[in-house]
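[1] sequence unknown, structure follows:
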């Protein structure tokens, strides 16, 4: 990661009728960093990305990329950009190799198709029709297509949504290889684990606005004094829960899972166990953990990322 | 140019690999060509018993004089009426004495095999019969029968008409009480054409099938590619690259034309090899009509795509307009066979003009419309379709 700014977005806005999708957001992406837009569905991440990819027109705002200011991403800029779309697709009756040749032909210079196939571990599927690929293989093909022009800036929009854990891990490995190769990556995700694992910098978005910025460490540091105690209670009344709540700093309950947020772990555990004995409530699956990005989002908005 | 060629190649591959599009693009036109040819060209059936005849009645009846020409006309008219369940012997068109302008047209139809016979009752026929019956030395009154050289049905029609006219002749002699006179009516047979111009139904049908193939290809594949491609994110994948809309459309158009070329070649080969079609498309004017047809229906496909928001809606619109336009375009049967209300609907259909222009340029039919109309109306469709599509259709940016 360097200090050179590759892309700078200033006061970017986009609305659809009465709905404000992107509300005058500003951020900067440094060269060779993984920059993540994190937020729930409908936060405005994809609209922001599609504006920066050049397939949507912003209502207002300025975009500076590769040292040039432009109202909309132009063709010269697109030659240095690779894009993995959230809802992008390929002709199901084309072969994997043909897809890469086709997308490569749109650029003045393209990487050899065999090299790309190797990099996304699809060499053995080169002559398979797209429609015969699994979800993970299709996603790897999409990444291959995004990298066919050897881009300096790569957009990855929800790259692992809908994939199984193994396929997700495969995608993460590809992204890690890209960062090692010095590529700048702009990523959107609503998986906090993904954002934490891959990102150098994160913008948390909600309702079209940026509500927090920083590295994963900086963001969780805002809650660093606090610890989370999570446990399940098979049966508990609202009154019983109310008696526990007044003893603790923050309590949340969802689907039988209770989360306590405290600055004094020892004292809270002591009181929790007392409450359990007094109320005759059995506690199961208790875990103690440090705050994560999900907690940051919860603290900022009162909602979970996937609500 | 590699991007355009790759796009064209991708379109061809996708169409040929996908079973449904392969069927509609290539197999269906060939099936229809085979079916219609087998059904309507009379293969394996008895010879046709209804003959197409044009009668030019140039003799004008005089007051208080016998109308022998009228008798001839009456006999032909009677033979044009069905008897019980049997079809009529003749399908007759009578042209009055002043219909000189139709003469060349009917002769051309006869030459092309669209008519079996042209019968001319000349001016002065009544006087000639009267003179002959009156005992003068004048020759018998002439009736001219024109046949199409080398066509069996034309010769058969000639033989039938000759027998009928012999009956008429005997009747005239009987009325005049001149049983011993030589025939009052002489029949002169004239063959026109060289026997090589007469085309069969397959020659008439083939241009129609080719146009139908181009029509359905444009009607369905354009909205299918554009609307489903947009819905499924296939086009979006292109727009994040430096590919421009114009180059995408160029690649799409080239791929579409290549597929139409394959479709045309297969239909022509089948018609020539299996059904003996003799029509040749390899001259400038037919080639122009073919290219014009591909472009018109390509533009028409974009018009449909611009009117629909989803792929399914696009397919629904295409289905709604498909059948009426196809069957009211004179593709499979001559226009003149349709009733008037449908004929009026045909007048706005670009297929009508393309079919007429193409068949006329191929020499397999007689022009119904002036050549200017056969180019002008389809060109007008292109302009309107492109204007509407350019205004309404958004390829690059979703809402």
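    Yes, it's here. All values derive from a computational prediction rather than experimental measurement.

[2] list the buried ones in stretch A:10-21?
    Buried residues in stretch A:10-21, counted by 16 or more other C-beta atoms under 10 Å in any protein chain shown: A:12, A:13, A:14, A:20, A:21. All C-beta spots, glycine's among them, are computed from the backbone N, C-alpha and C.

[3] residues in contact with the second one?
    Shown here is residue A:13, whose contacts under the criterion C-beta atoms under 8 Å, 6 or more residues apart in numbering or on different chains are A:20, A:22, A:23, A:24, A:25, A:58, A:59, A:60, A:61.

[4] Give me the buried entries from those.
    A:20, A:22, A:23, A:24, A:25, A:58, A:61.

[5] quick one on the thing from earlier: now render the contacts of residue A:13 as CSV, adding pLDDT and secondary structure.
    Formatted as CSV, the contacts of residue A:13 follow (pLDDT from 0 to 100; DSSP: H, G, I helix; E, B strand; the rest coil):
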residue, pLDDT, secondary structure
A:20, 88, strand
A:22, 91, strand
A:23, 90, strand
A:24, 91, strand
A:25, 91, strand
A:58, 89, coil
A:59, 90, coil
A:60, 90, strand
A:61, 90, strand
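
[6] Please give me every residue in contact with the most centrally placed residue in chain A.
    Most central in chain A under C-alpha atoms, centre = their mean is residue A:189, positioned 2.0 Å from the mean C-alpha point. In this structure, residue A:189 makes contact with A:36, A:37, A:38, A:158, A:159, A:160, A:161, A:195, judged by C-beta under 8 Å, 6+ apart.

[7] Among those residues, name the ones in strands.
    Of these, the ones assigned to strands by DSSP state E are A:36, A:37, A:38.

[8] Let's see if you can find the most crowded of these.
    residue A:38 (29 neighbours; other C-beta atoms under 10 Å in any protein chain shown).

[9] Just to check, that one is in contact with residue A:198?
    No: contact between residue A:38 and residue A:198 fails when scored by C-beta atoms under 8 Å: they sit 10.9 Å apart.

[10] Strands of the stretch 1-150 of chain B, residue ranges please.
    Using DSSP state E, counting those that start in this stretch, the strands assigned to the stretch 1-150 of chain B run over residues B:51-57, B:90-95, B:117-121, B:141-148.

[11] Repeat that for the stretch 151-300 of chain B.
    According to DSSP E, counting those that start in this stretch, the strands that the stretch 151-300 of chain B contains are B:185-192.

[12] what about it, any weak spots by pLDDT?
    By pLDDT under 70, the low-scoring segments of the stretch 151-300 of chain B are B:152, B:178-182, B:193-199.

[13] For the longest helix along chain B, name the packing helices and strands.
    In chain B, with assignment by DSSP state H, the single longest helix is helix B:245-275. On a contact count with 3 or more C-beta pairs under 8 Å, 6 or more residues apart in numbering or on different chains; DSSP states H and E, helix B:245-275 meets helix B:2-17, helix B:28-40, helix B:201-216, helix B:284-307.

[14] Swap in 10 Å and give it another go.
    helix B:2-17, helix B:28-40, helix B:201-216, helix B:222-223, helix B:234-239, helix B:284-307 (3 or more C-beta pairs under 10 Å, 6 or more residues apart in numbering or on different chains; DSSP states H and E).
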